[in-house]
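*Asks:* here is a sequence with its predicted model. Questions after.
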Amino acid sequence: NIEIKIYPTYSGAISALAKGKFDFGRFGPSSYILAKKENNKIRLLCMEHKKGERRFKGFFIARKEDDSISGLSDLKDKSFAFGDKNSTIGRYLSQAQMVKKGIKATDLRLFKFLGRHDKVALAVAAGDYDAGVVKENTFTKYAEKKGLKQIGEFPNITKPWLVRANLDNSLYNHLRNGLLSLKDDTILKGLKQNGFMPATDKDYDFVRKGMILAEDF
């Protein structure tokens, strides 16, 4: 029997996993890294894949009708919408890309964390912000019907599934083997997954580097 716990914030879930308040869960890459910093005994079960691939994209977006923005270099003196403060795409990797392009917080007219990718897409579409950043499937969902365009992109890695520190090894192995062997399309569709593959901590090193670079934002 599995009891489902849904945490309304990234930080709440990170803290709860570090403290061992649940046995296993699905996290974003940066949340895994932050949780691992709080408790180094947290372990990877596996990682998701998207049609066999472990990478997907984050997109910088703006309104199609806004001819003043065609790339990241055009963001100076513009307003910008991020996702959650602990989000891999919604903060860390997007800020790292902006730093690489010479854009820092002081170069923006204003910026705000809206918490979710869909909120960012809708806020940019409504003209509340000049630009923002969202994950790939959010852009695909809203691009045409909300009049959004891509002004930049960057890679991200699929989400890890984790277990708390000191989980019984037998249970860990059963969970891991069960997820890795899961091929039933009906079950995978219910989980909104294509499937799972083995994961190592090194798989997430490029996210760590991005998080460090984002500190310069």
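*Replies:* The structure has been received and is ready for your questions.
*Asks:* CA atoms for contacts and neighbours, from now on please.
*Replies:* Noted.
*Asks:* list the helices and strands the helix or strand of the chain with the lowest mean pLDDT packs on?
*Replies:* Lowest mean confidence among the helices and strands of the chain (mean pLDDT, DSSP states H and E): helix 185-190, at a mean of 90. If you count contacts as 3 or more CA pairs under 8 Å, 6 or more residues apart in numbering; DSSP states H and E, helix 185-190 packs onto no helix or strand.
*Asks:* next SSE after that helix?
*Replies:* strand 196-197 (DSSP states H and E).
*Asks:* for that next one, packing partners?
*Replies:* strand 43-48, helix 169-180.
*Asks:* any idea how far it is from the chain center?
*Replies:* 17 Å (CA atoms, centre = their mean, to the nearest Å).
*Asks:* for it, which outside residues touch it?
*Replies:* With contact meaning CA atoms under 8 Å, 6 or more residues apart in numbering, strand 196-197 is reached by 46-49, 179-180, 182.
*Asks:* just the buried residues of those residues.
*Replies:* 46-49, 179-180 (16 or more other CA atoms under 10 Å).
*Asks:* pick the one among these closest to residue 65.
*Replies:* Nearest to residue 65 among those: residue 49, at 34.5 Å, using CA to CA.
*Asks:* that closest one touches residue 156, doesn't it?
*Replies:* No. Counting by CA atoms under 8 Å, residue 156 is not a contact partner of residue 49; they are 11.8 Å apart.
*Asks:* now the common contact residues for those two.
*Replies:* residue 55.
*Asks:* list the buried residues for stretch 7-18?
*Replies:* Applying 16+ other CA under 10 Å to stretch 7-18 flags 10-11, 13-15, 17-18 as buried.
*Asks:* check the most centrally placed residue in the chain and give its pLDDT.
*Replies:* The chain has residue 88 as the residue nearest its centroid, 3.9 Å off, counting by CA atoms, centre = their mean. Predicted confidence (pLDDT) for residue 88: 94.
*Asks:* repeat for residue 191
*Replies:* Reading off the model, residue 191 has pLDDT 86.
*Asks:* distance between stretch 4-22 and the chain's centre?
*Replies:* Per CA atoms, centre = their mean, the centroid offset for stretch 4-22 relative to its chain is 16 Å.
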